[in-house]
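Enquirer: below is the structure, and that's it, no one-letter string:
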């Protein structure tokens, strides 16, 4: 009689548990240092959302302070802190369990349970998570000895008293024993500027709602991604589409941008004739209020796929698409939260409508090609800059907008509200010249505060400035 295989199989077992080396070393390679920091900031916002307990969050009450130096990293917030039971059972696990039902009724973006740990491991070998939830204050240390130990031993929870206790509910994550490369980045002004820009883009909606974020004491200002919308019901308006697809509310708007990128004291409203913001031209994609990408001009968002590749002619065009859901796993976003899952069905369905809107406004730029922008000004005088939600609300009020069961659609081309030239194209000649790269970069830096602007845009601007000077001289001589 043959021996039962199942009986003999119980004498040995294959090890099937993850190693610390994988989490500490390999997993951190999939995320940049800046994105790791943004992951921690994302956790702060999730805390504010939980603190509101289903209500509207007053972000003006909350702050996040980030401090970087050659020896340490620190991020501190007043967003409610970590409850002790969450710290004991969930927050420090390397991954999310199926019984972790936190945030199932909230529009967050985290779903894997690796963000805080991965960020800490990316930066250094020692860390402390000091938190206060209501009146309960405690600290969880992560030491280099714990990292070197191959066993997954529980982390201690230490009660906090005295000066080490946070003054209000919130969390402070401190990382020391930084890796040499990380330490160099934290003292590099270029990296600090890159980080501020990433925060300004990714969390722009929260910043516009009053959230205060500081990086080394400098407050971050939001990037404005807005479209021009006519104040009336018959004037120019963007293409609008909104529909729920598999528990995800998909909202799409395409139209003319407002010429505003990074906010500044000089931004006093839209000016059609001035240069548009190249940074926000193209497509910006939001997932639950976080900007996954800003101003994308690649095949990722459809450029060159059934429509032309992006070039300077389209610098006045902006498209915004937003995905909202209480089921974060259905959002078309990767674990880094700064890249799209382009194989997602909801993304592929959205892309069809994105291209439809793009074709309408590409046609607009073709109609006005070679006409001076000043010819278009009168059509846009009664417009106002609006973000995505304001745009949808305004356009949905138009009688011509299609509305049914949360589905909203408006095609400005079919409604004949898109301006067209009244005369034939003016005669024009193409100007082409070459200059040394070093000189182009110098002029680009002076005109656009960046040495890497496209040569065509630089040449066009130089001609506009020269023409303006000539006209000024002639008008002065005629007085």
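Expert: Received the coordinates, thanks. These numbers come from a predicted model, not from an experiment.
Enquirer: pull the helix or strand with minimum mean pLDDT from this protein.
Expert: helix 5-9 (a mean of 54; mean pLDDT, DSSP states H and E).
Enquirer: and the next helix or strand past that helix?
Expert: Remark: after helix 5-9, the chain's next helix or strand is helix 20-21, criterion DSSP states H and E.
Enquirer: and the helices in the chain, which stretches?
Expert: Using DSSP state H, the helices of the chain run over 5-9, 20-21, 33-52, 84-86, 115-123, 144-148, 180-186, 189-202, 204-208, 345-367, 388-396, 437-448, 455-477.
Enquirer: of those, which is nearest residue 71?
Expert: Closest to residue 71 of the helices of the chain, according to Cβ to Cβ: helix 180-186, at 7.2 Å. For the C-beta atoms, the positions are set from N, CA and C on the backbone; glycine is no exception.
Enquirer: hmm, who's touching the closest one?
Expert: For helix 180-186, contacts defined as Cβ atoms under 8 Å, 6 or more residues apart in numbering pick out 33, 68, 69, 70, 71, 73, 122, 123, 124, 178, 191, 192.
Enquirer: can I have the buried ones of the residues you listed as a ChimeraX selection?
Expert: Those of the contacts of helix 180-186 that count as buried under 16 or more other Cβ atoms under 10 Å are selected in ChimeraX with:
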select :33,68,73,122,123,124,178,191,192
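Enquirer: want to try JSON lines for the contacts of helix 180-186, with distance to residue 57 and pLDDT as columns?
Expert: Formatted as JSON lines, those follow (distance: Cβ to Cβ, whole Å; pLDDT from 0 to 100):
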{"residue": "33", "distance to residue 57": "28", "pLDDT": "95"}
{"residue": "68", "distance to residue 57": "27", "pLDDT": "98"}
{"residue": "69", "distance to residue 57": "31", "pLDDT": "97"}
{"residue": "70", "distance to residue 57": "35", "pLDDT": "96"}
{"residue": "71", "distance to residue 57": "34", "pLDDT": "96"}
{"residue": "73", "distance to residue 57": "26", "pLDDT": "98"}
{"residue": "122", "distance to residue 57": "28", "pLDDT": "93"}
{"residue": "123", "distance to residue 57": "28", "pLDDT": "95"}
{"residue": "124", "distance to residue 57": "31", "pLDDT": "94"}
{"residue": "178", "distance to residue 57": "32", "pLDDT": "97"}
{"residue": "191", "distance to residue 57": "30", "pLDDT": "96"}
{"residue": "192", "distance to residue 57": "28", "pLDDT": "97"}
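Enquirer: what's the most distant pair in the contacts of helix 180-186?
Expert: The widest separation within the contacts of helix 180-186 (Cβ to Cβ) is 17.7 Å, between 124 and 192.
Enquirer: could you dump the contacts of helix 180-186 into TSV and include distance to residue 373?
Expert: Listed next are the contacts of helix 180-186 as TSV, based on distance: Cβ to Cβ, whole Å:
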residue	distance to residue 373
33	41
68	42
69	47
70	48
71	51
73	46
122	46
123	47
124	51
178	50
191	37
192	36
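Enquirer: which one of the contacts of helix 180-186 is nearest residue 374?
Expert: Taking these together and measuring to residue 374 by Cβ to Cβ, the closest member is residue 192, at 39.8 Å.
Enquirer: skipping adjacent residues, who's closest to residue 63 in space?
Expert: Distances taken as Cβ to Cβ, 6 or more residues apart in numbering place residue 212 nearest to residue 63, at 4.4 Å, with adjacent residues excluded.
Enquirer: I'd guessed that neighbour sits against residue 219; true?
Expert: Yes. With contact defined as Cβ atoms under 8 Å, residue 212 counts as touching residue 219 (6.3 Å).
Enquirer: please identify which of these two sits among more neighbours.
Expert: When residue 212 and residue 219 are compared on other Cβ atoms under 10 Å, the one with more neighbours turns out to be residue 212, at 16 against 12.
Enquirer: will you turn the helices of the chain into a markdown table that also has distance to residue 335?
Expert: Shown next, in a markdown table, are those (distance: least, Cβ to Cβ, whole Å):
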| stretch | distance to residue 335 |
| --- | --- |
| helix 5-9 | 35 |
| helix 20-21 | 19 |
| helix 33-52 | 9 |
| helix 84-86 | 21 |
| helix 115-123 | 8 |
| helix 144-148 | 21 |
| helix 180-186 | 20 |
| helix 189-202 | 15 |
| helix 204-208 | 21 |
| helix 345-367 | 16 |
| helix 388-396 | 25 |
| helix 437-448 | 34 |
| helix 455-477 | 35 |
